[in-house]
Structures are given as C-alpha cells and as structure tokens.
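1. quick one: sequence plus predicted model below, questions after.
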Amino acid sequence: MMPRGSRIYVAGHLGMVGSAVMRALRAAGHDGAFGLPSSGLDLRDPAATAAFFGRERPDVVVMAAGRVGGVRANLADRYGFLRDNLLMALNVVESARLAGVRRLLYVGSSCAYPRDAAQPFREDSLLTGAFEPTNEGYAAAKAAGVRLCDFARERHGCDFFSVMPCNLFGPGDDFVSEDSHVVPALIRRMRAAKESGAGSVRLWGTGAPLREFLHVDDLARACVLLLGLPRPPALINVGSGQEVSVRDLAALVARTVGFTGRIEFDPAMPDGAPRKLLDVSRIRALGWSPRLSLEEGLRDAYAWHLANAAEARK
C-alpha cells in the first residue's frame, strides 16, 4: 500500500518516465513525491547514493533512472550501457534496502526478454535465452535489475517489484540526439525534412520489424496503480498489446508531422529484434488499459516537441 503523505523518491524524475510518474503521482494526490537531478546525485556512486537514502529516508522509491539510447548508441558503447545501468540499479536497490524503504518499483524494459522467446513475451520468459545483440548491454543490465529486486524480496522480505514496459514515447523524450529512440528520431527527422522541403527521408533497416508502443503517461498510470496494491506481483508487463511495423510507424509519424515526401529504407543497416510484443494479460486483469491510441499519443508527443523546441531536448 502507499498511504497519502508517503515520501516517494522518483529516481530519474527529470527524464521521460520519471517525469510522467511524477505527474501521475501528483494527480493521484501524492504530494510527497520528490526527486533530485543527476547534477546533485550520481546514482552510479555507491557512497553518495547511500548517503542520500540515509539522509532522506523515503518510504517508497520508483527507480526510473537509467542510461538510454537507440540502436546506434547501444552498439557504440555496450560496455558503458551495461556498466552505468548496473551501477544505478545496484546502488539504488541496496541503499533502499538498507534504509528500510517500504516499497520499490523498478522500471525495466522489454529489451530484457530473450530475442527468440515465444511471442508475446510472458513474464516467465525472462532469462530463458540470449539477448538481442544490438542492445545486449542495456538488456543485460535491465534483466539484472529485475532479478536484484526478486532476490531482495526473496532473501530480505523487501517489497520490491518490477514493471516491464514496451517501447515508450511522449513528453520529455530525447528529440535532439542522433542516438534517440525510434519515435522521437522519426519525429525529428520528418519535421526537419518537411521544413527543408526535402523530397525523401532515408531510415535504417528494412522497415519490417514489429514493435509495440505505449505513451509514457499510460505507463505512469500503471505504476501508480501497482504501487497502491496490497502486494504487487514481482514482475508485470505493461504495454498496449498491439504491434506495428517500423514502416507503418514511419508513415504514421509522417502523417502526424505533415511530411509528404518519400520514406526510404536502408537494408544494409541493422533492424534490431524482428519482433517485440508483450503479454499484457496480468496488467489488464487489474483493470488497467491504455487511454491513448498510438495516433493520439504521436500527436501529443509532436505537440510537446513543438512547444519545447527551444529547450535542450527539442
């Protein structure tokens, strides 16, 4: 349970997921939610993280901090993605345990499921096969974070659990970096092509892979629901339950942005996993379902992008 007045530390509260969780918590009346920017606390530093938990003594923790990026970034620095995300997960979970945190929610990623596991991915398919090579470092760290929470629950009785979301997008996403995820990258490139009058946009891969997308505010609502349960499941998938090809997604983004040129694909570049779809029967059984369709979510993300074009993440 999560009583009103609980001190809720949202790690990564300025990122896309963390900021959405903050909005959802406050909308639900949890005014004790707080965060600290990475400039004030490096979660990769065990001493600094332990000191923060010892000083602040939160009742509840949402672990939404992490180093994220698209296929290009993951391929370029698999060591760094593994190292940074492992360190953050270990330091936050251990510090929370030692500080007596009542409940911790760890935000994983569908990337952690084996590349060749049966689709849609069930929660019990975690660590039953090899990771997708194009994001292996990040995936391995996320899987380790989930298991760390499992073992804390098993060995120490900690009320720590994990959510496994599908591909997320929405306000607060990275629309600047060349290493951003697929939705903000497509929005940025389609907008630039439209404004420059370009006749075409060329994208990585074949366009054939199938992906599942969820607006980040829908994930945040699921997180608040789960935090309020008497005993949340140890691991639960959160997704739309629907998939779309990268080719069709690109066409949707083009329509949203108003780009009318050609969309071309470069099959010499990697596709990533051929398919990633989650089994969302557990979260649906709890009464949760997405409020925003993919088209509605894309319009919202694009509107946020335009409204924040002058900021660092444009």
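-> In hand now; what should we look at?

2. in three-state terms, label the residue nearest to Pro58 when sequence neighbours are not counted for me.
-> Of all residues beyond its chain neighbours, the one nearest Pro58 is Tyr9 (3.8 Å), with distances taken as C-beta to C-beta, 6 or more residues apart in numbering. Where you see a C-beta, it was placed from the backbone N, CA and C, and this is true even at glycine. Secondary structure for Tyr9, judged by DSSP: H, G, I helix; E, B strand; the rest coil, is strand.

3. what sits against Tyr9?
-> Contact criterion C-beta atoms under 8 Å, 6 or more residues apart in numbering gives 33-36, 56, 58, 60-62 as the residues in contact with Tyr9.

4. what's the farthest-apart pair in these?
-> Leu36 and Val60 (15.1 Å; C-beta to C-beta).

5. tell me which of these two has more neighbours.
-> Val60 (24 against 16; other C-beta atoms under 10 Å).

6. low-confidence ranges in the stretch 1-150 of the chain?
-> Screening the stretch 1-150 of the chain residue by residue with the criterion pLDDT under 70, one finds the ranges 1.

7. recalculate using a threshold of 90.
-> In the predicted model of the stretch 1-150 of the chain, residues 1-5, 37-39, 68-77, 132, 134-135 satisfy pLDDT under 90.

8. that one: strands as residue ranges?
-> According to DSSP state E, counting those that start in this stretch, the stretch 1-150 of the chain carries its strands in the segments 8-11, 33-34, 60-63, 103-107.

9. need the ones you listed in JSON lines (columns: distance to His215).
-> Putting the strands of the stretch 1-150 of the chain into JSON lines (distance: least, C-beta to C-beta, whole Å) gives the following:
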{"stretch": "strand 8-11", "distance to His215": "18"}
{"stretch": "strand 33-34", "distance to His215": "20"}
{"stretch": "strand 60-63", "distance to His215": "18"}
{"stretch": "strand 103-107", "distance to His215": "15"}
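
10. which of these sits closest to Gln242?
-> Put simply, out of the strands of the stretch 1-150 of the chain the one that sits nearest Gln242 is strand 103-107, at 20.9 Å, with distance taken as C-beta to C-beta.

11. partners of that closest one in the sheet?
-> Its sheet considered, strand 103-107 pairs with strand 60-63 (parallel), strand 159-165 (parallel) by DSSP bridges.

12. can you redo the ones you listed as CSV with distance to Ser245?
-> Supplementary listing: the strands paired with strand 103-107 in CSV, determined by distance: least, C-beta to C-beta, whole Å:
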stretch, distance to Ser245
strand 60-63, 32
strand 159-165, 20
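
13. before we move on, back to that, relative to Ser38, how far out is the residue nearest to Pro58?
-> 14 Å (C-beta to C-beta, to the nearest Å).

14. cool, Thr49 as well?
-> For Thr49, the distance to Ser38 (C-beta to C-beta) stands at 12 Å.

15. ok, Val246 next?
-> Going from Val246 to Ser38 by C-beta to C-beta gives 31 Å.

16. got it, and Glu264?
-> Counting by C-beta to C-beta - Glu264 and Ser38 are separated by 38 Å.

17. now do Ser281
-> Ser281 sits at a distance of 36 Å from Ser38 (criterion: C-beta to C-beta).

18. who wins on neighbours among the contacts of Tyr9?
-> That'd be Val62 among these, by other C-beta under 10 Å, with 30 neighbours.

19. my guess is that residue contacts Ala11. True?
-> Yes - Val62 sits in contact with Ala11 when judged by C-beta atoms under 8 Å, with a separation of 6.8 Å.

20. can you list residues touching both of those two?
-> Residues touching both Val62 and Ala11 by C-beta under 8 Å, 6+ apart: Gly18.

21. buried residues, stretch 215-230. List them.
-> Within stretch 215-230, the residues that count as buried by 16 or more other C-beta atoms under 10 Å are 215-227.

22. out of the residues you listed, which is nearest to Leu298?
-> Once C-beta to C-beta is applied, the member of the buried residues of stretch 215-230 that ends up nearest Leu298 is His215, at 8.8 Å.

23. residues contacting that closest one?
-> For His215, the contact set (C-beta under 8 Å, 6+ apart) comprises 168-170, 290-292, 296-297, 300-301.

24. can you select the buried ones from those residues in ChimeraX?
-> Taking 16+ other C-beta under 10 Å as the burial criterion, the selection of buried members of the contacts of His215 in ChimeraX is written as:
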select :168,169,170,290,292,297,300,301
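
25. mind checking which of the contacts of His215 are in helices?
-> Applying DSSP state H to the contacts of His215, the entries found in helices are 296-297, 300-301.
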